[in-house]
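Chemist: predicted coordinates and the sequence they were generated for:
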Protein chains: 2
Amino acid sequence: MIRRTQAERTDETTTALVRAARALFGAAGYAATSIDAVAAAAGVTKGAAYHHFGGKAPLLRAAFEAELGEVSAKLVGIAASGADQGSALRLGARTFLQHCLDPGFARIVMVDAPAVLGWEVVRAAEHHHLLSVIEAGFVMATGDERLAATRARLVFGALCEAGMMLARSADPAADLPLLTAETDRLVEALKAAPGDRD
Amino acid sequence: MIRRTQAERTDETTTALVRAARALFGAAGYAATSIDAVAAAAGVTKGAAYHHFGGKAPLLRAAFEAELGEVSAKLVGIAASGADQGSALRLGARTFLQHCLDPGFARIVMVDAPAVLGWEVVRAAEHHHLLSVIEAGFVMATGDERLAATRARLVFGALCEAGMMLARSADPAADLPLLTAETDRLVEALKAAPGDRD
DNA sequence: CCATGATTCATACTGTCGGTACGTATCTGC
DNA sequence: GCAGATACGTACCGACAGTATGAATCATGG
């Protein structure tokens, strides 16, 4: 074997493991996928997986973060494109929905991760990667932090539901237009609505 | 032991098992709860559980349906109370959110059930028990079946998100008013919005 | 009322899998 | 080039889902 640094070895192994985890967890689900299977698909053994991740749940977490990271990268690209607040929000929602066309993404991010990692952990990560964008839009529209946070979460819940419908749709291409239109409408409705005191 | 009919024996055992499953699955989660623990809490052994349910997942399904059944019963009560469409919808949403104050309900219905039973199974059951009410309201408001179905799902997604926020809130009583107000606003916005062709 | 069959349930067992312990190979810094 | 650290493979353990298998308990036709 050629000589590699420890950093390179670690990077190659963890990358292969995360790639395998995304593929297997996404296809068969977390519970139905053994660590041995993930390690084998990555070309290593369980020992490597436990050395780098420490368990099965952290492996899912890594796969989960990788999925979110991809969407997040596209979102910051949109934000950097200089589009106005409104169209950036619409584009962001559409980007998220398109990712949901991949059943593996939907399964890992919206089905298995909350059950395995816990709802709060998942929502914290999602807030960091995705929700903060939506929330910023609502803060600007309403001027109320708490109200904006609440509305962003509600919108995000609707987006996830739309994403799952897409992921399980027999003809996703046919459903995408209606779903994007309706989620857009929902966002607009909440941005326009007044923020009364509670 | 006193003499009982088979039907009575079955009923007592299954009832006890479902009760124990709701308590344990709701508190510790599905993955962290063994069948032996559920059976022991019900005063029987694994054999009885497998005889009546056939596995661990069907046990969760029974607990899940029991949780939904309770909400559903309240919803038909509201529907039968003769309230108008609008206030019935608001009352229904509030009823659902109040159930979410029980962390066991939230965990079983919105976190574990989708991962274990599959998203489609869960949403089919939820449609049967809860969603059909919301959908009927939107059909009446928009006149479009497909549009109404889509909007009902989006609203339901937002409701679930609100429910999880409540379930994990440090001070649920303080969050309930804002969340009910905002979900109501969301429903109103979508009912009022026009249904354009896609 | 009893004998035969069906149902309910407990007990003992097996296989799988997550996790751990430990040994070996590979790399780093002195 | 040689201690110490890091990466990884292998052998093992315990927990637990699922499967017989048999013993009670109940139903039913004679």
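Modeler: Everything's here; your move. Source: prediction; values computed, not measured.
Chemist: the lengthiest helix in chain A close to chain B?
Modeler: Using DSSP state H to define each element, chain A has its longest helix at helix A:56-80. No. Applying Cβ under 8 Å from any Cβ of the partner chain, one finds helix A:56-80 separated from chain B by no less than 9.7 Å. In this view, the C-beta of every residue, glycine as well, is placed from N, C-alpha and C.
Chemist: packing partners for that helix?
Modeler: helix A:6-28, helix A:35-41, helix A:46-53, helix A:85-99, helix A:113-117, helix A:119-126 (3 or more Cβ pairs under 8 Å, 6 or more residues apart in numbering or on different chains; DSSP states H and E).
Chemist: let me know the average pLDDT across the fifth one.
Modeler: Per-residue confidence for helix A:113-117 averages out to 98 on the pLDDT scale.
Chemist: tally of neighbours for the residue in chain A that DNA strand D sits nearest to?
Modeler: Nearest to DNA strand D, among the residues of chain A, is A:G47, at 2.0 Å (Cβ to the nearest atom of the strand). Using other Cβ atoms under 10 Å in any protein chain shown, A:G47 is surrounded by 9 other residues.
Chemist: now A:L91
Modeler: 17.
Chemist: how close does it sit to DNA strand C?
Modeler: 38 Å (Cβ to the nearest atom of the strand, to the nearest Å).
Chemist: for that residue, which non-adjacent residue is closest in space?
Modeler: A:I78 (4.9 Å; Cβ to Cβ, 6 or more residues apart in numbering or on different chains).
Chemist: equivalent analysis for A:E70, please.
Modeler: A:E70 sits nearest to A:H99 (Cβ to Cβ, 6+ apart), 7.2 Å away.
Chemist: who are the contact partners of that neighbour?
Modeler: A:E67, A:E70, A:V71, A:F105, A:G163 (Cβ atoms under 8 Å, 6 or more residues apart in numbering or on different chains).
Chemist: which residue is nearest the middle of chain A?
Modeler: Among the residues of chain A, A:L68 comes closest to the average C-alpha position under Cα atoms, centre = their mean, at 3.6 Å.
Chemist: nearest spatial neighbour of that one, skipping sequence neighbours?
Modeler: Using Cβ to Cβ, 6+ apart, the closest residue to A:L68 is A:H129 (4.3 Å).
Chemist: neighbours of that neighbour, how many?
Modeler: 19.
Chemist: you'd agree it is up against A:E70?
Modeler: No. Judged on Cβ atoms under 8 Å, A:H129 makes no contact with A:E70 at a distance of 9.6 Å.
Chemist: quick check: A:L190 vs A:L130, distance?
Modeler: 17 Å (Cβ to Cβ, to the nearest Å).
Chemist: who's more crowded, the two?
Modeler: With neighbours defined as other Cβ under 10 Å, A:L190 and A:L130 compare such that A:L190 has more, 26 against 22.
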